[in-house]
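Novice: Next come a sequence and a model predicted from it.
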Amino acid sequence: MGLMPSRGGLRRPDTRKVVVVVPSALTLGNLFFGFWAMVSAYNKNFVWAAWFVMFSGVLDMLDGRVARLSKTGTRFGAELDSLVDVISFGVAPAMIMYFLEFSEGGRFGWILCYLYVVAVAVRLARYNVSHGNDKPGWFTGMPSPSAGMTLAVFYPFSQTPWYQASLAYLNLQRQGLAILMVLLALLMVSNIKYPRFPAIGFRSIKGILGLLLHLVILVMSLWVPSHFLFPLGLTYLAFGVGRAVLFGFLDRGEWHPAVVEGESEMSRGPRLTAPRRVDDRPTRGEDS
């Protein structure tokens, strides 16, 4: 009997503590692929750099979903998520663009990439302090993962036969990318509304349509990712701008970058309470 462990000495694993770690582990996986994307871009492997940013986006979606479903969102997880997103969807896409097109552009090239990263950081900081105050079902400003993934997957799209046969002859790659980076940066810090992806369900028409939309995106992303993902990002970008123009938001003065003094989200009220969980993803849940 003396060799038998006492009942009090046997402790069951704390399942909740294990579950709490899972979202942060997924977030660190997001960081891993974001860092790997930069290494790949440095080595001129731009196709895999793009896919690694996409992998970061998938993990960015999963960590928020796991945290919400398990109700294990923490302040630590929220802060870690934002820091990682700046790297995976700010620094990594900017470095891909720098090594792809702007490394020989002198000061203009690296300043352009720097300003894009600044926009991602400002967008995430504003989201942190204003989360919960946005219109339900909408983002204020383009989500940083959407912007980062759109930028990253340009190169695979530019290598497709369709692009080579139809658009490559315009020879606007460098100028076009510069315009795209500036536009994405402005949209991220703007007050233009972008829709969250619809939730998935079987009990309503909206839920079924949301399921079909997710399935279409999943199938096309796996079937023809090089042809599909970049146009998808541009479509999402154009939807927000088109909706803003259609509803007159620009004419009513609602296009105000968050970095303008007196017009930032923090200057509009005491919104300094940190959210339990910060997710800045173009997928369902808090960011869809």
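Specialist: Arrived safely, thanks for sending. Residues are numbered from 1 along each chain as shown.
Novice: tell me the helices in this protein, going along the chain?
Specialist: 15-42, 46-70, 75-86, 92-97, 107-130, 144-152, 154-158, 161-166, 173-188, 205-223, 225-246 (DSSP state H).
Novice: Using TSV, please lay out these together with mean pLDDT and distance to residue 194.
Specialist: From N, CA and C alone the C-beta is placed, and that goes for glycine too. Output for these, formatted as TSV (pLDDT from 0 to 100; distance: least, CB to CB, whole Å):
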stretch	mean pLDDT	distance to residue 194
helix 15-42	85	21
helix 46-70	88	15
helix 75-86	87	16
helix 92-97	97	18
helix 107-130	92	11
helix 144-152	96	7
helix 154-158	94	19
helix 161-166	86	26
helix 173-188	92	8
helix 205-223	88	15
helix 225-246	93	4
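Novice: With distance to residue 137 as added columns, please give those helices in TSV.
Specialist: Converted to TSV, these look like this (distance: least, CB to CB, whole Å):
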stretch	distance to residue 137
helix 15-42	23
helix 46-70	16
helix 75-86	21
helix 92-97	26
helix 107-130	15
helix 144-152	15
helix 154-158	28
helix 161-166	34
helix 173-188	18
helix 205-223	10
helix 225-246	13
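Novice: Just put those in JSON lines and tack on mean neighbour count.
Specialist: Listed next are the helices of the chain as JSON lines, based on neighbours: other CB atoms under 10 Å:
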{"stretch": "helix 15-42", "mean neighbour count": "18"}
{"stretch": "helix 46-70", "mean neighbour count": "22"}
{"stretch": "helix 75-86", "mean neighbour count": "20"}
{"stretch": "helix 92-97", "mean neighbour count": "28"}
{"stretch": "helix 107-130", "mean neighbour count": "19"}
{"stretch": "helix 144-152", "mean neighbour count": "28"}
{"stretch": "helix 154-158", "mean neighbour count": "21"}
{"stretch": "helix 161-166", "mean neighbour count": "11"}
{"stretch": "helix 173-188", "mean neighbour count": "18"}
{"stretch": "helix 205-223", "mean neighbour count": "13"}
{"stretch": "helix 225-246", "mean neighbour count": "17"}
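Novice: Ok, which of those helices comes nearest residue 195?
Specialist: helix 225-246 (7.3 Å; CB to CB).
Novice: Packing partners of the closest one?
Specialist: helix 46-70, helix 144-152, helix 154-158, helix 173-188, strand 193-195, helix 205-223 (3 or more CB pairs under 8 Å, 6 or more residues apart in numbering; DSSP states H and E).
Novice: Run a quick neighbour tally on the nearest residue to residue 240 once chain neighbours are set aside.
Specialist: Counting by CB to CB, 6 or more residues apart in numbering, residue 194 is the residue found nearest to residue 240 once chain neighbours are left out, at 4.4 Å. Residues lying near residue 194 (other CB atoms under 10 Å) number 23.
Novice: Verify the stated contact: residue 194 with residue 137.
Specialist: No: in this structure residue 194 lies outside contact range of residue 137 using CB atoms under 8 Å: 10.3 Å.
Novice: quick one: pLDDT of residue 201?
Specialist: With respect to pLDDT, residue 201 scores 73.
Novice: Might you report the residue contacts of the closest residue to it other than its chain neighbours?
Specialist: Once flanking residues are discounted, residue 201 sits nearest to residue 207: 2.3 Å by CB to CB, 6+ apart. The neighbourhood of residue 207, defined by CB atoms under 8 Å, 6 or more residues apart in numbering, consists of 198-201.
Novice: Of all pairs in those residues, which one is the farthest apart?
Specialist: Pairwise distances across these (CB to CB) peak at 8.9 Å, for the pair 198 and 201.
Novice: Can you check which residues contact both of the two?
Specialist: Joint contacts of residue 198 and residue 201 (CB under 8 Å, 6+ apart) are 207, 210.
Novice: Of those two, which one has the most company?
Specialist: residue 198 (18 against 13).
Novice: Setting aside sequence neighbours, what's the nearest residue to the more buried one?
Specialist: Closest to residue 198 by CB to CB, 6+ apart is residue 210, at 3.3 Å.
Novice: Sounds good, over and out.
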